[in-house]
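>>> Predicted model and sequence follow; I will ask about them next.
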Amino acid sequence: MKKRLLVGLTGAVLLFSGCAMNNQPAPTNNENQCVIDNTNAPYWVCNPEVEGAIAAVGSAPYTPLGMSFQRTEAAAAARDALARQISVKVKNMFKQYQSTTGVGDDMTVEKVAQNVSKQVASVTLQNSKIMKVWSSKDKTLYVLVAVPKDTLVKKVKSAIKTTFKNDKALWQEFKSKKAQEELDREVEKEFNK
């Protein structure tokens, strides 16, 4: 009888201790949450958004070189992501512009798009700002970097004019077809989504 009671009590203790150890809720992954390595992270880490700006997130693993170095590395990664994002937007804008107006052949428009992307990426690196910082459990540092859309729109328009002027034949075609207004509309549409 004592053996049965002892086995029963041991079973109950094991049952309750197993339940007690599992009372921490597991992070759930829904659209309004960001989970990194089973840890809830700020929403912006997974969805980089800043009103009125184009944003990107960069990260850097822990380093014995210190937090300042880690922050610089994470910011550089975010700025690189921003530059790629802007380059894609510029290329899409020029493809749409070319199909709408017929200005320039594919090779010329690609060259113009690359030149504009390089100029705008340079400006992006100079005018971007770190908006938020978060460190995960494993000490990986995440930074949210953004650049204001109005700054980008101005720089894109300026870079387009400069690049078109460097190719005199394309500049004449650009001016004669009054395509500048169309391109300005494309810039506004692409960067103010």
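Okay, I see it. Residues are numbered from 1 along each chain as shown.

>>> all strands for the chain, in order.
34-36, 39-41, 53-60, 129-135, 141-148 (DSSP state E).

>>> What lies in contact with the fourth one?
By that I understand strand 129-135. 41-42, 44-45, 50, 55, 71, 74-75, 78, 141-147 (C-beta atoms under 8 Å, 6 or more residues apart in numbering). Heads up, the C-betas are built off the backbone N, CA and C, glycines and all.

>>> change it to 10 Å
Residues from elsewhere that reach strand 129-135, judged by C-beta atoms under 10 Å, 6 or more residues apart in numbering: 34, 36, 41-42, 44-45, 48, 50, 53, 55, 57-59, 62, 67, 70-71, 74-75, 78-79, 140-148.

>>> how about that strand: buried residues?
Of all the residues in strand 129-135, those buried under the rule 16 or more other C-beta atoms under 10 Å are 131-132, 134.

>>> same question, the second one
Applying a neighbour-count criterion of 16+ other C-beta under 10 Å, the buried positions in strand 39-41 are residue 41.

>>> who does that strand pair up with?
strand 34-36 (antiparallel) (DSSP bridges).

>>> hmm, back to that, mind putting the strands of the chain in TSV, mean pLDDT included?
Shown next, in TSV, are the strands of the chain (pLDDT from 0 to 100):
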stretch	mean pLDDT
strand 34-36	91
strand 39-41	92
strand 53-60	94
strand 129-135	96
strand 141-148	95
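
>>> So for residue 87, which of the ones you listed sits nearest?
strand 53-60 (11.7 Å; C-beta to C-beta).
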